[in-house]
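Enquirer: Could you look at this predicted model? Sequence included:
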Amino acid sequence: MTLEDLDDVMEVEHSSFTLPWSREAFYNELVNNQHAVYLVVEDRGRVVGYGGQWIILDEGHITNIALLPAYRGYGLGEELMIRMMAQAKSMGVTRMTLEVRVTNYGAQKLYRKMGFQEGGIRKNYYTDNMEDALVMWVELW
């Protein structure tokens, strides 16, 4: 992801989340966060999805992953996860984590397919409706 991608990224973000990150938040991730690594999915030069993670020592923390609604259901999310996990592993990461809404069964299904397992609950994690987050972990071999 580059700064030039931000207009498209914001479209993906707003179509995907009830509490979207601001443009400034993504700008800060790209410019100021030395731990942040972001990938994009493009179709004919347009960003239609992205995934981000923080690499801290030997752990990767997936911060967000999203696709435009029209691009969901075609395996792009799985391919993005595969590439994010491979990138993390190449950077010395041995385990990864993420949070997902307890009601987001589709995302949980993908994460389980990628080897993530339940690690706990973060109570009232999502401030829009105080929904709990399921914490998931995977060991990278």
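Expert: Sure thing, it's come through. Model, not experiment: these values are computed from the prediction.
Enquirer: Can you pull out the residues in contact with the helix ranked longest in the chain?
Expert: When the chain is parsed with DSSP state H, its longest helix is helix 76-90. The contact list for helix 76-90, computed with CB atoms under 8 Å, 6 or more residues apart in numbering, reads 37, 39, 41, 48-51, 53, 55, 60, 62, 65, 67, 96, 110-111, 113-114, 138, 140. Placement of C-beta: from N, CA and C, glycine included.
Enquirer: What residues sit buried inside that helix?
Expert: 76-77, 80-81, 84-85, 87-88 (16 or more other CB atoms under 10 Å).
Enquirer: So for G45, what pLDDT did the model give?
Expert: Looking at G45, its pLDDT reads 95.
Enquirer: same deal with M91?
Expert: On pLDDT, M91 comes in at 96.
Enquirer: Taking the contacts of helix 76-90, please make a PyMOL selection of just the buried ones.
Expert: Here is the PyMOL selection string for the buried members of these, based on 16+ other CB under 10 Å:
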select buried, resi 37+41+48+49+50+51+53+55+60+62+65+67+96+110+111+114+138+140
